[in-house]
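Chemist: Attaching a predicted model along with its sequence, questions to come.
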Amino acid sequence: MMKKVLAILFPVFLFAGGYGQFIATFGGGPSSQGNRVPYLTHVYIAGQTYIDSTLTANYTYNDYEGDVMDSVHVDWYNRYGTLVQSSGDTYVLVVADSGYYPHIVATPYAATGTSPGDGVQSDSVGPVTRAPWAYPTYFADGIIWVEGTDTTQIDS
């Protein structure tokens with residue numbers, strides 16, 4: 001005849017260095033990891049990649065202990081890793097960005113607790129081009145010149 005054995009598990013607490021210095025637990029309770037840094041998920045860039053368009057950095061702030069977000073520092077880079085703007089959730093594309101594939105590195109900061117978190121890089125967007133409807137016009141000798149159209153000279 002077999003006997004059934006009932007096992008009761010109790011939380012195990014480890015102490016080191018003196019009375020009350022808690023370092024680990026199993027079965028629930030405080031974490032031995034202390035206050036962890038915040039982290040970002042869903043880091044991406046939204047917007048059209050046309051010159052004079054505004055790109056917006058998007059991200060979701062997370063913190064294991066629920067520490068409130070202080071800020072997120074966003075650095076904007078071109079495809080060669082050259083920093084084109086430090087800080088700001090938005091970036092306006094300029095002519096010098098033509099042909100590049102911008103990306104961001106976003107770093108979270110908590111208002112309380114441990115900070116900063118690790119920077120997270122987005123996927124690149126682009127390439128940056130001139131908008132198909134935004135042909136520059138200029139005046140010369142009383143004639144309106146429209147660059148990029150089949151008819152480059154239009155009588156005024």
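Modeler: Sure thing, it's come through.

Chemist: residue ranges with poor pLDDT in the protein?
Modeler: 1-32, 79, 133-156 (pLDDT under 70).

Chemist: so where do the strands sit in it?
Modeler: For the chain, the strands defined by DSSP state E cover 12-15, 22-26, 39-46, 54-62, 69-77, 83-86, 90-92, 103-110, 120-121, 137-140, 143-146, 153-154.

Chemist: Return the list of strands paired to the fourth one, each annotated with direction.
Modeler: Based on DSSP bridges, the pairing partners of strand 54-62 within the sheet are strand 39-46 (antiparallel), strand 90-92 (antiparallel).

Chemist: Go through the last one and flag the buried ones.
Modeler: Right, the one you point to is strand 90-92. Applying a neighbour-count criterion of 16 or more other CB atoms under 10 Å, one finds residue 91 buried in strand 90-92. Backbone N, C-alpha and C define where each C-beta goes, glycine included.

Chemist: do the same with the longest one
Modeler: Burial within strand 39-46, assessed by neighbour count using 16+ other CB under 10 Å, is assigned to 40, 43, 45.
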